[in-house]
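Participant: Next one to model:
(chains A and B)
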Number of protein chains: 2
Amino acid sequence: MSKTVPVGVSARHIHLTQEHVEALFGPGYQLTEFKPLSQPGQFAANETVAVIGSKGKFDKVRILGPARPASQVEISRTDAFAIGVKAPVRESGSIEGTPGLTLKGPAGEVELEKGVIVAARHIHFHTSDAEKWGIADKQLLKVRLGGDRGLVLENVIARVSDNFALDMHIDTDEANAAGANNGDTAEIVD
Amino acid sequence: MSKTVPVGVSARHIHLTQEHVEALFGPGYQLTEFKPLSQPGQFAANETVAVIGSKGKFDKVRILGPARPASQVEISRTDAFAIGVKAPVRESGSIEGTPGLTLKGPAGEVELEKGVIVAARHIHFHTSDAEKWGIADKQLLKVRLGGDRGLVLENVIARVSDNFALDMHIDTDEANAAGANNGDTAEIVD
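Facilitator: Residues are numbered from 1 along each chain as shown, chains lettered A, B, ... in the order given. Presented below is the predicted three-dimensional model:
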């Protein structure tokens, strides 16, 4: 049975606490939805901010909503070198010991003390998909992306929940190394 | 027998004809050596120029010497999106039908009509290395890079010559997708 999954390419983006939303956009401000994402309830917000590192910055980095318990900036390793932030590869939410940087919004700045990561590649499985394919939460998978720049990614983390929709998340470095685009299909090979 | 090769990560760079060297730096100008590269006779030059696309530019892009019969700009797919140039994945020297862009040096500008590529990953083999491992020129190989972001690159092109030194060339997207650095070791697995 072929185990194929849709590919979602994550560009650099930010998750914010409500406190940081208000520090950047003003008291009482609420993020507004630009478009829904593949995972239920998650959305790309209309709001963007500047991300400022020691060697450079990116303007207009997209915020994803809704607000979360901890702020987190997800960038590619290419981005990390470009702005001078030593971001480690981490799973989302695992931000202890990670570096910070400065966020600049229309109403103010936030100095993040931590939370800048290169997101570890992963696949969201609805529980029913995982059961069908015999895949366990946190299992490390090998996943092939085809084409001229075909490659097999190792250590792709399985994340299984009733709240997830089937989708593989890779960053722009991984997508570009593979010549892959949003909406392509990948195959779990091991 | 384990077939291990050193990894060289190619950042964006430029090869120029002598005519273009002079258009950018002045009549009679000769490129000067900053440091030698892994391939015999090749060098990183002290000279840099700006590379200007439809959506953005990169300042201080390194020129590699010596001068060549055709000018060529090698960028990553990340770079290509960033500056708005639809660069295809090509082998070095295969530039028919590729897009151009503008180069700006201290003495003038050059409008390249073609020559912007994303370099196809490849391994330089000295003839003796290739014979020892039973690898033919132009053979497509699978090559594994280890670590937390381990992956297996497919379609790695073997290039065999008495003038080459053993070295695998990948671009920054490929290196960053693999968490790899210049001087790491990769293994030919098929």
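Participant: Check what pLDDT the residue nearest to residue A:5 when sequence neighbours are not counted gets.
Facilitator: In space, and not counting its chain neighbours, residue A:5 is closest to residue A:168: 4.7 Å by CB to CB, 6 or more residues apart in numbering or on different chains. Any C-beta I mention is one placed from the backbone N, CA and C, and that applies to glycine too. Looking at residue A:168, its pLDDT is 98.
Participant: Residues contacting the helix or strand encompassing residue A:168, please?
Facilitator: Using DSSP states H and E, the element containing residue A:168 is strand A:167-171. Strand A:167-171 is contacted by residues A:5-11, A:38-39, A:74, A:76, A:118-119, A:121-124, A:143, A:153, A:156, A:178, A:180, A:186 when judged by CB atoms under 8 Å, 6 or more residues apart in numbering or on different chains.
Participant: cool, and stretch A:43-50?
Facilitator: A:13-14, A:21, A:24-25, A:31-37, A:57-66, A:103-105.
Participant: so how many other residues sit close to the residue nearest to residue A:5?
Facilitator: Number of residues near residue A:168 (other CB atoms under 10 Å in any protein chain shown) recorded here: 27.
Participant: For it, give the beta-bridge partners.
Facilitator: residue A:7, residue A:123 (DSSP bridges).
Participant: Okay, it and chain B: tell me how far apart.
Facilitator: According to CB to the nearest CB, to the nearest Å, residue A:168 and chain B sit 14 Å apart.
Participant: buried subset of the contacts of strand A:167-171?
Facilitator: A:5, A:7-11, A:39, A:74, A:76, A:118-119, A:121-124, A:143, A:153, A:156, A:178, A:180, A:186 (16 or more other CB atoms under 10 Å in any protein chain shown).
Participant: Please narrow the contacts of stretch A:43-50 to those residing in helices.
Facilitator: Among the contacts of stretch A:43-50, DSSP state H puts A:21, A:24-25 in helices.
Participant: wait, isn't residue A:71 in contact with residue A:117?
Facilitator: No - using CB atoms under 8 Å as the test, residue A:71 is too far from residue A:117 to be in contact (11.3 Å).
Participant: For chain A, which residues are neighbours of chain B?
Facilitator: Proximity of chain A to chain B (CB under 8 Å from any CB of the partner chain) is limited to residues A:76-78, A:81, A:89, A:120-121, A:148-155, A:172-174, A:176-179.
Participant: Next, the contact list for residue A:175, please.
Facilitator: Per CB under 8 Å, 6+ apart, neighbours of residue A:175: A:7, A:9, A:181-182.
Participant: for residue A:81, same thing?
Facilitator: residue B:176.
Participant: now it, what's its secondary structure?
Facilitator: When classified by DSSP: H, G, I helix; E, B strand; the rest coil, residue A:81 comes out as helix.
Participant: Quick check: it vs residue B:11, distance?
Facilitator: 10 Å (CB to CB, to the nearest Å).
Participant: And for residue A:9?
Facilitator: Separation of residue A:9 from residue B:11 (CB to CB) stands at 22 Å.
Participant: about what we covered before: between all of the contacts of residue A:175, which two are separated the most?
Facilitator: Across these, no pair lies farther apart than A:7 and A:181, at 7.8 Å, counting by CB to CB.
Participant: isn't residue A:3 right next to residue A:130, touching?
Facilitator: No - when contacts are counted by CB under 8 Å, residue A:3 is not listed as touching residue A:130 (10.5 Å).
Participant: what about the two, which has more around it?
Facilitator: residue A:130 (21 against 17).
Participant: Where does the prediction get shaky in chain A?
Facilitator: Along chain A, the model assigns pLDDT under 70 to no residue.
Participant: just the helices in it please.
Facilitator: Along chain A, counting by DSSP H, helices occupy A:18-25, A:77-83, A:127-133, A:172-178.
Participant: So which elements touch the longest one?
Facilitator: I take that to be helix A:18-25. strand A:43-52, strand A:102-104, strand A:109-111 (3 or more CB pairs under 8 Å, 6 or more residues apart in numbering or on different chains; DSSP states H and E).
Participant: Please work out the angle formed by the directions of that helix and strand A:43-52.
Facilitator: Orientation of helix A:18-25 against strand A:43-52 (axes from the mean of the first three to the mean of the last three CA atoms, to 10 degrees) gives an angle of 60 degrees.
Participant: For residue A:146, which non-adjacent residue is spatially closest?
Facilitator: residue A:187 (7.7 Å).
Participant: Next, count neighbours for that neighbour.
Facilitator: Using other CB under 10 Å, residue A:187 has 14 other residues around it.
Participant: tell me which residues form a beta bridge with it?
Facilitator: residue A:4, residue A:144.
Participant: Contacts only, for it.
Facilitator: Contact analysis of residue A:187 by CB under 8 Å, 6+ apart lists A:2-5, A:143-144, A:146.
Participant: Mind picking the two most distant members of those?
Facilitator: Distance extremes for those: the farthest pair is A:3 and A:146 at 14.1 Å, using CB to CB.
Participant: The residue nearest to residue A:43 when sequence neighbours are not counted: how many residues sit nearby?
Facilitator: Setting aside the residues directly before and after it, residue A:43 is nearest to residue A:33 in space (CB to CB, 6+ apart), at 4.4 Å. By other CB under 10 Å, 13 other residues sit near residue A:33.
Participant: cool, residue A:149 as well?
Facilitator: For residue A:149, the tally of surrounding residues (other CB under 10 Å) stands at 22.
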